[in-house]
Structure formats: structure tokens, C-alpha cells
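Student: Sequence and predicted model, in that order:
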Amino acid sequence: MPGHTVGRSPLRRPRTTATSACALLLVAVAALTGCNRDQEGGKGSDGGAVGIDLPRSDSDFWNSYQQYIEKGVKAGEVRALPLTNSQNDIGKLVSNVQVFTDQGAKAVVMAPQDTGAIAETLSTLAEKKIPVISVDTRPDQGDVYMVVRADNRAYGEKACQFLGERLKGKGKVAEFQGDLASINGRDRSEAFKSCMTEKFPGIKVFELATEWKGDVASAKLQSTLAAHPDLGGIYMQAGGVFLQPTLALLEQKKLLKAPDEPGHIAIVSNDGIPEELDAIRAGKIDATVSQPADLYATYALYWAKQALEGKKPAAGPTDHGSTVIKIPGGFEDQLPAPLVTKENVDDPKLWANQLDAGE
């Protein structure tokens, strides 16, 4: 081990003084401590430390993701530096990544919420040959080793198809758009609009920009309901931030009715958090697309480990039920995201049901 002199003269002498014996003991303890330190991260520690930035803590989905990340790190999937949280602030993310590089990170896991503003940081990491795993969002520019996300256009299409069929092709729908600075917000919004225009032209869609903020969504929904009391559906692009304020407003206005009651407002969401599944069971919302928080964490750590080991990704089906596609600047592992309704809400394979079971 560098810096240690265990093989020098103290071990070769047939006799040792008390001083040299103490020195030998100290060297041995230091060597043992050093080895233990190297092994602290378990099987994922050999290639170096991983810097992991969590994107925000104001969403039940991302809080669940954090729990799965911490579980994987504790299990030794990778040796992680102290986790950071950029709190939906691109400036904090850039600063946190700088700390990671200063601390010797050999790979970085991030989930940039502003996918257009991270390009310079990605360029810096590429120059330093530090691979990046981007979770849930695909940066607009820059190199990444792997993006771990579901097909977000499919989110919008599934929501459109569900609401279109539920409303029988007629009526009015409010759409809570995520931040359009994020590729996720754009993908979901564009796909929802395209699907509605093509398949359900008899449905009028009110596009409500929210920047992923629940209070903004609630305020805009209140204005929409005042102008259009016959609103028939709502598409929430992120249940983790929109669910509670939406249900509270509808309950306050006595518009929270069961699916079989007249005046029911059909609601489809994205995320698949436990609270959404409970709301489906209670008849408060109709469906959600389950965004796999557990798989996001699992395969973020998996691809970080692959990167540390110098393995090259390839496009094609994986052995974990997803498909890797080639994207500009890297690859993307597109994980499955099923539509959840009352028919399959108790499926034990859904991550939110596993979370409730304490797994």
C-alpha cells in the first residue's frame, strides 16, 4: 500500500526493542485500517467513489427515490461520497458537482431538473473523464454515460388515451404541465397534445404551465374551474407535487366525486407514489403512470458501477426488462412504466406497494 514500509528492517530483525515493537504494531494497525477503509463501500468501491446529487425534497416521488438510493449505497452497490441535494436549483447542482470532483469522485449520478442549463458542467466532467449517469431527465446537450429514465412521451400518450376514452372523446381537460425547461415536461406535454389533437379532437385542453409547483397548479385549476365549471378531466404530470393540492381544492369545492357519480372529474397522474395508489383505491383519482422510483435508484447505481469498471454500454434489450437506446452524446436505459388503474392497483410488482410492505 502506498506510503507504508511494512517490508523494511523491523520485520527482518530477529529481535525487537519495545520501541520497534510498538512501531511495528502501529504500522500493522494503520495497514489494517487502510484496508478496511478501502472496503467500506463494499463490492462497488473498487473503481472509486461516486458523487450522487438528489434533485429535490419537495416531492414524495423524489423522497422515495432517495430512500432507495440510500438503501443501495448501504448495501454496498457503490462507494458514495456524502449525498447532496440541489433542491431544484441548477446553481446548487453545479456547485455540488464541483465538490464531488474536489473530493475525487470517479463517477457522478445526477437528475438535472433544468436540462438545458447543465451542458457546461457535463463538458467539464467529460474533460476530466468522469462519467455521468443522469436519472429521470435527459440533458439537452453534453455527453452522458447513461440516462436512466422511462419513456416520457409514453406518459403523455397513456394519459391522453385514458382520458380520451373516459370522456368518450368530448369535453374539457386541464393539463398541469411540468416545467418546459425540462425534457420531461416537454415530452409529456408534446405527446399529450399530439395524441389529443389526432385521436380526440372533440376534447378541449387547457394547458396550465406549473414549473412542477403544486401551489401554482392549484391556483390555475381554481381559475379554470371558475371559467369552465363543466371541466371533465385533469392530467397531472407529477402526482408527487400536484396530488394533494388538487384533491384539497376539489374537496373544498365539493367536486371530489366517485367515478360512478355524475359530475366526476376524471384524473390521471404520473409518478405512482403510494398516495396516488391510495387515491385510486378510494376513487379520488382514476389512474396514474407508475414511474419506477425503485428502478431509477437501482439502475443509476448499476450503471455507475458499470462506468467505474470501464464497461461500454450497447443499444438493445437488457436483462432487466428495459431497452437501451443510443442518444446524442450517450445512451438511455428506458425502464418500463405501467398504467395503474383500479384493476391493477394492488399488483405487488408496483414499487409503491413494495414500499408499503417495507421492502
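Tutor: The structure has been received and is ready for your questions.
Student: Sketch out the low-pLDDT regions of this structure for me.
Tutor: For the chain, applying pLDDT under 70 flags the ranges 1-46, 355-359.
Student: Can you pull the domain assignment for it?
Tutor: 44-150+293-335, 152-290 (automatic domain parsing).
Student: Any idea which of these gets closest to Leu350?
Tutor: Nearest of the domains of the chain to Leu350, taken as Cβ to Cβ: domain 152-290 at 5.6 Å. Every residue, glycine included, has its C-beta placed from N, CA and C.
Student: Show the end-to-end separation of the closest one, please.
Tutor: One end of domain 152-290 sits 11 Å from the other (Cα to Cα, to the nearest Å).
Student: tell me how far that domain is from the chain's mean position?
Tutor: Relative to the chain's own centre, domain 152-290 is displaced by 21 Å; criterion: Cα atoms, centre = their mean, to the nearest Å.
Student: Pro201 versus Pro139, what's the distance?
Tutor: Going from Pro139 to Pro201 by Cβ to Cβ, to the nearest Å gives 34 Å.
Student: Bridged to Ala150, which residues?
Tutor: For Ala150, the beta-bridge partners are Leu335 (DSSP bridges).
Student: Just to check, it is in contact with Asp333?
Tutor: No: counting by Cβ atoms under 8 Å, Ala150 stays clear of Asp333, with 9.6 Å between them.
Student: now what about the helix or strand hosting Ala159, what contacts it?
Tutor: Assigned by DSSP states H and E, Ala159 belongs to helix 152-166. Helix 152-166 has contacts (Cβ atoms under 8 Å, 6 or more residues apart in numbering) with 173, 183-184, 187-196, 199-200, 203, 233, 235, 237, 266, 268, 270, 286-287, 289, 291, 337, 339, 341.
Student: could you point out which element follows that helix?
Tutor: Following helix 152-166 in sequence, per DSSP H and E, is strand 171-177.
Student: Kindly calculate the angle that that next one makes with helix 152-166.
Tutor: Interaxial angle of strand 171-177 relative to helix 152-166 (axes from the mean of the first three to the mean of the last three Cα atoms, to 10 degrees): 160 degrees.
Student: helices or strands next to the next helix or strand after strand 171-177 in the packing?
Tutor: For strand 171-177, the following helix or strand on the C-terminal side (DSSP H and E) is helix 183-199. Secondary-structure packing of helix 183-199 (3 or more Cβ pairs under 8 Å, 6 or more residues apart in numbering; DSSP states H and E): helix 152-166, strand 171-177, strand 203-209.
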